[in-house]
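Visitor: okay, predicted coordinates and the sequence, questions at the end:
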Amino acid sequence: MGPEDRLDILKWVWRSRRDEDMLRRCAHSAHTWLRRSAALCEELPEDCVRLLADDEDFAVRLMLAERHPKAPPELLYDLYLHGTHRAVGMLVTRPNFPSAGLAARCAGAGDAM
């Protein structure tokens, strides 16, 4: 499965999204589709949000950034700074985007976007 492969959320994960144990199992799964599905659930426990923010799969991190209200500021900033995906501009509107001091942080970031 590639980072650009589009997969709909697994319906059974969505229907069970209020089950924290099930979401934890999905977040810890070796199966990318389960992790991507968990990343789309706002009910995802905070420990799993932190786990998926460092996921090896780009799409997991992006889905978490786009959908979860508690996506970590550093994840949002990293995806914004290094992203080439179409949603990069909307990341600045996410609740945890680290906008304070952004000009100073970006000044040393290298190439302009």
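Guide: Great, that's in hand.
Visitor: which strand or helix spans the residue most central in space within the chain?
Guide: What sits nearest the mean C-alpha location of the chain, by C-alpha atoms, centre = their mean, is residue 64, with 2.3 Å. Take DSSP states H and E as the rule and residue 64 turns out to sit in helix 58-67.
Visitor: the next helix or strand after that helix - contacts with which helices or strands?
Guide: Where DSSP H and E defines the elements, the next helix or strand beyond helix 58-67 is helix 73-82. Here helix 73-82 is seen to pack against helix 58-67 when contacts are counted using 3 or more C-beta pairs under 8 Å, 6 or more residues apart in numbering; DSSP states H and E. All C-beta spots, glycine's among them, are computed from the backbone N, C-alpha and C.
Visitor: what does the helix it packs on rub up against?
Guide: If you take C-beta atoms under 8 Å, 6 or more residues apart in numbering as the criterion, helix 58-67 is touched by 3-5, 32, 35-36, 39-42, 44, 49, 52-55, 71, 75-76, 79, 83, 85, 87, 90-91, 94.
Visitor: let me see the contact set for the residue nearest to residue 27 when sequence neighbours are not counted.
Guide: Closest residue in space to residue 27, ignoring its immediate chain neighbours: residue 48 at 3.9 Å, by C-beta to C-beta, 6 or more residues apart in numbering. Residue 48 makes contact with 23-24, 27-28, 38, according to C-beta under 8 Å, 6+ apart.
Visitor: of the residues you listed, which is the most crowded?
Guide: residue 38 (32 neighbours; other C-beta atoms under 10 Å).
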